[in-house]
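Peer 1: One predicted model, sequence on top.
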Amino acid sequence: MLEVEHLAVNYRGISAIADVSFCLEPGQIVGIIGPNGAGKSTMVKAILGLIPSESGIIRYRSRALKEQLKQVAYVPQRSQIDWDYPTTVWNVVLMARTRHTGWFRSHSRQSKEIVKAALERVGMWSLRERQIGELSGGQQQRVFLARSLAQEAELFFFDEPFVGVDKKTEAIIFEVFEDLKSQGKILLVVGHDLGETTRKYDRFLLLNKQLIANGSRNEVITATNIQKAYGDSVILLQRGEI
Ligand SMILES: Nc1ncnc2c1ncn2[C@@H]1O[C@H](COP(=O)(O)OP(=O)(O)OP(=O)(O)O)[C@@H](O)[C@H]1O
Ligand SMILES: [Mg+2]
């Protein structure tokens, strides 16, 4: 179980998220939703210890998560990745194995097999020699999905994996999510415009600086909760008035 208690983050003294608490069971795909600037990326980064938090306890299987980051795979929002960095698809995914191999040792045959399987799983094996800057948005997202698979983690964090991806990539991503779920992994997936895909998630965390709702699709995606998180504009859009 992943437990987050009273997580709070300030940037230069201004609160970005406050008093966020929730628990997640294994074998779930969890959507983190909320408007732009709601603190979704901040929450993920704070859970992973990538940014400092004001307060908060994060436990996985009753132990501090920061002592078991090997169990975590994280795919940042695409805008946060330097796509001009000169490296190939193969190397990006192989890098995920470094924590298993160690920095100054060469990668084992087993690691290379795992990387190959991950690239095949997402349909990117044939493009393994390609520079990452020369891929489409959907292909880039699939490379990072492969990288997370190669980590053999238990907890997966994806920040807006569906932005700018084609339908084929979307379908591949959801297939992989389902596989991971059936293996008992926990997946946290940030996305603000889920549309038709809300049925693919087991539960949602609705965030706007605070956790506004936490539960099943029917419990979370209600007119009252959405208005609380997004304000009146979304309600008007739903009625087709603007
Ligand atoms: N490094 C930073 N320094 C200062 N303020 C920041 C920093 N990163 C984010 N913020 C602010 O914190 C708030 C939450 O940002 P965050 O990126 O977590 O939101 P988000 O929900 O992920 O938004 P989006 O949907 O646009 O990705 C915003 O007001 C943002 O401007
Ligand atoms: Mg974000």
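Peer 2: Perfect, thanks for sending it. Note that the structure is predicted; figures quoted are calculated from it, not measured. Ligands and ions are numbered 1, 2, ... in the order given.
Peer 1: Please name the bridge partners of residue 4.
Peer 2: On the basis of DSSP bridges, residue 4 is bridged to residue 22, residue 58.
Peer 1: Make 682 the first number, not 1, from now on.
Peer 2: Right, with 682 as the first residue, what we last looked at is residue 685.
Peer 1: Would you point out which residue of the chain is nearest ligand 2?
Peer 2: residue 722 (3.1 Å; CB to the ion). Where C-beta positions appear, they are placed from N, C-alpha and C, glycine not excepted.
Peer 1: helices and strands around the longest helix belonging to the chain, which ones?
Peer 2: In the chain, assigned by DSSP state H, the helix with the most residues is helix 848-863. For helix 848-863, the elements it packs on are strand 709-714, helix 818-831, strand 867-871, judged by 3 or more CB pairs under 8 Å, 6 or more residues apart in numbering; DSSP states H and E.
Peer 1: rerun that using 10 Å as the cut-off
Peer 2: Packed against helix 848-863, as judged by 3 or more CB pairs under 10 Å, 6 or more residues apart in numbering; DSSP states H and E, are the following elements: strand 709-714, helix 790-802, helix 818-831, strand 836-840, strand 867-871.
Peer 1: Mind listing what's buried along that helix?
Peer 2: By neighbour count on 16 or more other CB atoms under 10 Å, the buried set for helix 848-863 is 850, 851, 853, 854, 855, 857, 858, 861, 862.
Peer 1: Figure out how far it is from the centre of its chain.
Peer 2: 13 Å (CA atoms, centre = their mean, to the nearest Å).
Peer 1: and it with strand 867-871, angle?
Peer 2: 150 degrees (axes from the mean of the first three to the mean of the last three CA atoms, to 10 degrees).
Peer 1: In TSV, list the buried residues of helix 848-863 along with distance to ligand 1 and pLDDT.
Peer 2: Listed next are these as TSV, based on distance: CB to the nearest ligand atom, whole Å; pLDDT from 0 to 100:
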residue	distance to ligand 1	pLDDT
850	19	92
851	18	93
853	23	94
854	18	95
855	20	95
857	22	97
858	20	97
861	22	97
862	23	98
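Peer 1: Return the member of those residues nearest to residue 911.
Peer 2: residue 851 (23.0 Å; CB to CB).
Peer 1: still on that earlier bit, max pairwise distance over the buried residues of helix 848-863: which two?
Peer 2: 850 and 862 (18.5 Å).
Peer 1: In TSV, list the buried residues of helix 848-863 along with distance to residue 752.
Peer 2: Converted to TSV, the buried residues of helix 848-863 look like this (distance: CB to CB, whole Å):
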residue	distance to residue 752
850	26
851	26
853	24
854	21
855	23
857	18
858	17
861	13
862	16
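Peer 1: Before I go, just wanted to say thanks for your time.
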